[in-house]
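Chemist: here are the coordinates; sequence isn't available:
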């Protein structure tokens, strides 16, 4: 991928702000920036230096005071000559500076094109490039932490180690094939099996981490379940501080999943108000109850709400989720002494009593799950997860073939497939269509 043109874009969010940043990258970036610049010629500037001056509009008049920062190739984000011009955040100034840059010879950057050039120039592999988008999109401290770790190459480094192990396995198999008529053993089948099993174990661990990683990135699913009129919708509204769900004394008011997100203690939670669990002949309500059971089955955390006016424990579906037992309506029906060993917190969704305690329990539960994966790499990207699943399938076939003492040339096919699947995550094997799909999801200017 060779870039001979120079691109420009506003890299800060659209709209008016205190500051706006125009970014230019490419072989003529410094010359094009100089064409609209008044101050120390940027062509004389050293790399990684900032300079005060003015920028000109497309008619040659002074547009705004500005600071230009120069990054010379290859020591820049894109690996090309890059200039970032910071101006006041007027929408008019942003529009005019972009017009001036285009008139001077730049073209408008496509979505994600700066990061795509960084990938093309070897500054980032594809997994790191995708992590850049995750950093930008992160909504919580933990999601940001995982994205930063991946952007710095922790995941990529582990994948590269796995590829190296597989390449070692492939080379031993190929040597075995080359000298199949000789009485020479370069590595026993048991040694080859050991390498393959180690790779499989790590690939499967990474793949299984997607459940936790995706939850932290997109919001940890929390299902609020309980009987009709237990106060589930009121609890959702109390947690959000907003009237998100309809509250009514009529049984069966909630018939579908009502969802919203909240950030507590550095974690984003995806709260789901569900239909009340009860026996009913209402076809539509039964569909809602089925969705409630499905939501609870797939949740990471369940808030099982006990109606203080009728304190029977709600039936939780088979699940591996953590369950928080909450007694509701304490303003009218305080929990009994016999129930204190069962409940985790007592609340009143109506008055807000105990809601902060419940929020703390949610944060503590999420922190415990995160702590169980401390120091591990967590997968957050669905494309990576799919490639790891495919790697697991092909390396499993390699192990089965080695155990059955099948010919090495047949084993090599699945071995190469495994290497290719891992390489696709890093972008070492890819297609223009995949790259287009990935980078068009980026914002313009990044």
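Modeler: Received, thanks. Keep in mind it's a predicted model, so treat the numbers as computed, not measured.

Chemist: pretty sure residue 116 is in contact with residue 440, am I right?
Modeler: No. Judged on C-beta atoms under 8 Å, residue 116 makes no contact with residue 440 at a distance of 9.6 Å. Placement of C-beta: from N, CA and C, glycine included.

Chemist: where does the stretch 1-150 of the chain have low pLDDT?
Modeler: Scanning the stretch 1-150 of the chain for pLDDT under 70 picks out the ranges 1-3.

Chemist: neighbour count winner among residue 116 and residue 440?
Modeler: A direct count of neighbours by other C-beta atoms under 10 Å for residue 116 and residue 440 places residue 116 higher, at 25 against 12.

Chemist: for that one, what are its contacts?
Modeler: Contact analysis of residue 116 by C-beta atoms under 8 Å, 6 or more residues apart in numbering lists 129, 435, 439.

Chemist: Equivalent analysis for residue 117, please.
Modeler: Residue 117 neighbours (C-beta under 8 Å, 6+ apart): 3, 7, 25, 78, 79, 80.

Chemist: that older thread, which one of the contacts of residue 116 is nearest to residue 88?
Modeler: Nearest to residue 88 among these, counting by C-beta to C-beta, is residue 439 at 29.7 Å.

Chemist: So what's the predicted local confidence for that closest one?
Modeler: With respect to pLDDT, residue 439 scores 84.

Chemist: can you count the residues close to the residue nearest to it when sequence neighbours are not counted?
Modeler: Nearest residue to residue 439 in three dimensions, chain neighbours excluded: residue 112, at 3.3 Å (C-beta to C-beta, 6 or more residues apart in numbering). Residue 112 has 23 neighbours, counted by other C-beta under 10 Å.

Chemist: And for residue 189?
Modeler: Using other C-beta under 10 Å: residue 189 sits among 14 other residues.

Chemist: Over to residue 144?
Modeler: Neighbours of residue 144 (other C-beta under 10 Å): 18.

Chemist: quick one on the thing from earlier: I'd like the contacts of residue 117 as JSON lines, with neighbour count, secondary structure and distance to residue 311 appended.
Modeler: Listed next are the contacts of residue 117 as JSON lines, based on neighbours: other C-beta atoms under 10 Å; DSSP: H, G, I helix; E, B strand; the rest coil; distance: C-beta to C-beta, whole Å:
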{"residue": "3", "neighbour count": "17", "secondary structure": "coil", "distance to residue 311": "68"}
{"residue": "7", "neighbour count": "22", "secondary structure": "strand", "distance to residue 311": "64"}
{"residue": "25", "neighbour count": "28", "secondary structure": "strand", "distance to residue 311": "64"}
{"residue": "78", "neighbour count": "26", "secondary structure": "coil", "distance to residue 311": "62"}
{"residue": "79", "neighbour count": "20", "secondary structure": "coil", "distance to residue 311": "65"}
{"residue": "80", "neighbour count": "25", "secondary structure": "coil", "distance to residue 311": "67"}
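
Chemist: May I see those residues arranged in JSON lines, with distance to residue 381 as well?
Modeler: Output for the contacts of residue 117, formatted as JSON lines (distance: C-beta to C-beta, whole Å):
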{"residue": "3", "distance to residue 381": "26"}
{"residue": "7", "distance to residue 381": "26"}
{"residue": "25", "distance to residue 381": "25"}
{"residue": "78", "distance to residue 381": "22"}
{"residue": "79", "distance to residue 381": "23"}
{"residue": "80", "distance to residue 381": "26"}
